[in-house]
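Asker: sequence plus predicted model, see below.
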Amino acid sequence: MATTTQHYLRTGDEYRASLRDEREVWYRGERIEDVTEHPATRGGVDFAARMYDLQFDPVGQEALTYVRPDGVRASTSWLLPRTRDDLLRKLAESEFRCWQSFGSFASRQPNHVAWVFIGQRTYLSHFRQHAPDWADNLASFVERAERENLYTAACLIEPQGTKARSAKAGDDRSAVARVVARDSGGVTIRGAKAVATSSMMANELQIGTIYYPHVRPEESFWCVVPMDTPGLKLICREAVALPREPFFEHPLGSIGEELDALVVFDDIYVPNDRIYVMDAPVLCDPALFGTTGRGEFWIHLSRQAVTAEFYAGLAQLVVDTLGTGDIPTVQDHVAEITQYALMLRAGLIGALEQAEETPDGFLLPHGPTINAFRAYGLDLYPRINQLLQQMAGQGLVTRFTEADYDVPELREHFETYLTTSGLGIREKSLLMNLVFDVTSSAMAGRREIFENVNGLPAPILRHLLYFIANRKPHVERIQGLLGLGDVQAGGPGNVTDAWHTGRRRP
């Protein structure tokens, strides 16, 4: 597909150039001078740059871009969904990005946090109601982000320290992220947030609060700032993969990774035009975030589905390579992984088919369906991971490097003792190295932890499902069958109570 004459896109090199600024990023006690060159960040930047280039390539353009009504080609990440086809287009973008990262190991690509902004934008009337002086800045930012093809990151989570948590800090609010000064041009924010995944390689950072009713007015805000804002400090965790690892030994690790960070606001100044919520605790209600965030959570589910399908493909490759397809236990393992993939795909489709229109005329997927299938996926993921490990067997333990195969004396032994009917010895080793990377490496461990706590672990998703899933029609049918009088039906209930108190209906 040819690119239209006009576009709101940028190349990988243009993206890299946008990161060479005064951002303050720390890694292992040292400040990173250039995130495009540092070993801990370069791999993630290079992967993102390749995705930007794919916007101009027939391989990726169909999924990564769309043509606006005015004829301008733009990133699908910033498409506002009004129709089922719009949602399908955004799903196709998500899945293309997932497959490019070996089954969704790059979770915070540009389309992800864009969904957070877009979800809030689809409820703009609600934001205007409660933050009338600020809300239109949200719409303005979404328009600018599309024009400039921005990469956005977010930090919304309170750090684990007791003083920094609004519900536990008590009267001492000195460590809670808050507004500490105001003038006619903007506000000054002090405090910290986590986890800020991929923020070191983004252009703009969304800062928000989702802890109502604990937060005070000065702690209730949503805004977006450039990554080189003075006083904005990113302290990165240790990397679990470094770029330029040999592709043969680490097919996944060789592409680098996304880092997470503690973000410190050392009295950062935020101009008024970059604020879209201020002094409005009601807009920091996690129940609202759960409503506006349905698109984001659907993308979480799409990552789970792609990972499952990736695992199903890997499982079959392992079976075909080792010639174990006639073993009933192996057949059952492959079938169970396949079942897992089909179930998650069904959840994606189910949430799409039950999509609901927002008050502002946009379309978002069905929340309860997303919660149910995300919890299912998280519950079973450790088992699916283990099944793939079991099928690969000793191939994950006795892995060899390309240098080993280059020694004739050693290669002769490999050919004698490790040759299979499925693949040559080099190709077999490459396959096993990939299985190791995605199931057993440090990156695999980080991904499992991240997905389990990112957007809530399975028990909380089910707890919320108790409140948001509507079981009343089922209750009424049973009442009719039995001739019972009216009985109070559980769910949907007060979702804010579900988030904050854990109280259940009597």
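Answerer: Perfect, thanks for sending it.
Asker: C-alpha only now, for contacts and for neighbours.
Answerer: Noted.
Asker: wasn't residue 31 part of a strand?
Answerer: Yes - the assignment for residue 31 (DSSP: H, G, I helix; E, B strand; the rest coil) places it in a strand.
Asker: the closest residue to it other than its chain neighbours: neighbour count?
Answerer: Nearest non-adjacent residue to residue 31, counting by Cα to Cα, 6 or more residues apart in numbering: residue 25, 5.7 Å away. Residue 25: 24 surrounding residues under other Cα atoms under 10 Å.
Asker: which strand residues bridge residue 25?
Answerer: residue 32, residue 234 (DSSP bridges).
Asker: quick one: contacts for it?
Answerer: Neighbour list for residue 25: 31-33, 200, 233-236 [criterion: Cα atoms under 8 Å, 6 or more residues apart in numbering].
Asker: what of residue 249?
Answerer: By Cα under 8 Å, 6+ apart, residue 249 lies in contact with 400-402, 430, 433.
Asker: filter these down to the ones in helices?
Answerer: Residues of those located in helices (DSSP state H): 402, 430, 433.
Asker: of these, select the buried ones using a ChimeraX command.
Answerer: Buried subset of these, written as a ChimeraX selection, criterion 16 or more other Cα atoms under 10 Å:
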select :430,433
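Asker: from the contacts of residue 249, which single one is nearest residue 186?
Answerer: Using Cα to Cα, residue 433 comes nearest to residue 186 of the contacts of residue 249, at 52.0 Å.
Asker: so where do the strands sit in the stretch 301-450 of the chain?
Answerer: 356-357, 363-364 (DSSP state E, counting those that start in this stretch).
Asker: run me through the strand neighbours of the last one, direction for each.
Answerer: This points to strand 363-364. Sheet pairing of strand 363-364 (DSSP bridges) gives strand 356-357 (antiparallel).
Asker: run a quick neighbour tally on residue 416.
Answerer: Neighbour count for residue 416, taken as other Cα under 10 Å: 11.
Asker: now swap in the one 10 residues further on and tell me
Answerer: The local packing of residue 426 (other Cα under 10 Å) involves 19 other residues.
Asker: excluding its backbone neighbours, what's nearest it?
Answerer: Counting by Cα to Cα, 6+ apart, residue 405 is the residue found nearest to residue 426 once chain neighbours are left out, at 7.4 Å.
Asker: look up how far residue 249 lies from the one you found.
Answerer: 12 Å (Cα to Cα, to the nearest Å).
Asker: cool, residue 85 as well?
Answerer: From residue 85 across to residue 249, the span is 41 Å (Cα to Cα).
Asker: any idea how many residues pack against residue 226?
Answerer: A count of neighbours around residue 226, defined by other Cα under 10 Å, yields 16.
Asker: let me fix that: residue 99
Answerer: By the criterion of other Cα under 10 Å, residue 99 has 17 neighbours.
Asker: residue contacts, the closest residue in space to it that isn't next to it in sequence?
Answerer: Of all residues not flanking residue 99 in the chain, residue 306 sits nearest, at 7.1 Å (Cα to Cα, 6+ apart). Taking Cα under 8 Å, 6+ apart, we find residue 306 in contact with 95, 98-99, 103-104, 341.
Asker: let's see the pLDDT reported for residue 306.
Answerer: Predicted confidence (pLDDT) for residue 306: 97.
Asker: related to what we said a few turns ago, in helices, which of the contacts of residue 306 appear?
Answerer: 95, 98-99, 341.
Asker: re earlier: closest to residue 476 among the contacts of residue 306?
Answerer: For the contacts of residue 306, the nearest to residue 476 is residue 341 (34.0 Å; Cα to Cα).
Asker: so the closest one touches residue 309, yeah?
Answerer: Yes - counting by Cα atoms under 8 Å, residue 341 touches residue 309, with 5.3 Å between them.
Asker: the lengthiest strand in the chain packs against which elements?
Answerer: Secondary structure of the chain per DSSP state E: the longest strand is strand 261-271. With contacts taken as 3 or more Cα pairs under 8 Å, 6 or more residues apart in numbering; DSSP states H and E, strand 261-271 sits against strand 186-193, strand 232-236.
Asker: export those strands to JSON lines and tack on mean neighbour count, mean pLDDT and distance to residue 268?
Answerer: JSON lines is the format used below for the helices and strands packed on strand 261-271 (neighbours: other Cα atoms under 10 Å; pLDDT from 0 to 100; distance: least, Cα to Cα, whole Å):
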{"stretch": "strand 186-193", "mean neighbour count": "21", "mean pLDDT": "98", "distance to residue 268": "5"}
{"stretch": "strand 232-236", "mean neighbour count": "23", "mean pLDDT": "98", "distance to residue 268": "6"}
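Asker: residue 220: which of the ones you listed is closest?
Answerer: strand 186-193 (11.1 Å).
Asker: list the pairing partners of the next helix or strand after the closest one within its sheet, with orientation.
Answerer: Sequence order places strand 204-207 as the next helix or strand after strand 186-193, per DSSP states H and E. Take DSSP bridges as the rule and strand 204-207 pairs in its sheet with strand 152-155 (parallel), strand 221-226 (antiparallel).
Asker: which residues of the stretch 101-250 of the chain score low on pLDDT?
Answerer: Applying pLDDT under 70 to the stretch 101-250 of the chain picks out residues 243-244.
Asker: now do the stretch 401-506 of the chain
Answerer: 486-506.
Asker: all helices of it, in order?
Answerer: 402-405, 408-417, 425-439, 442-453, 458-468, 472-482, 495-500 (DSSP state H, counting those that start in this stretch).
Asker: of these, which is nearest residue 142?
Answerer: Using Cα to Cα, the helices of the stretch 401-506 of the chain put helix 442-453 closest to residue 142, at 26.5 Å.
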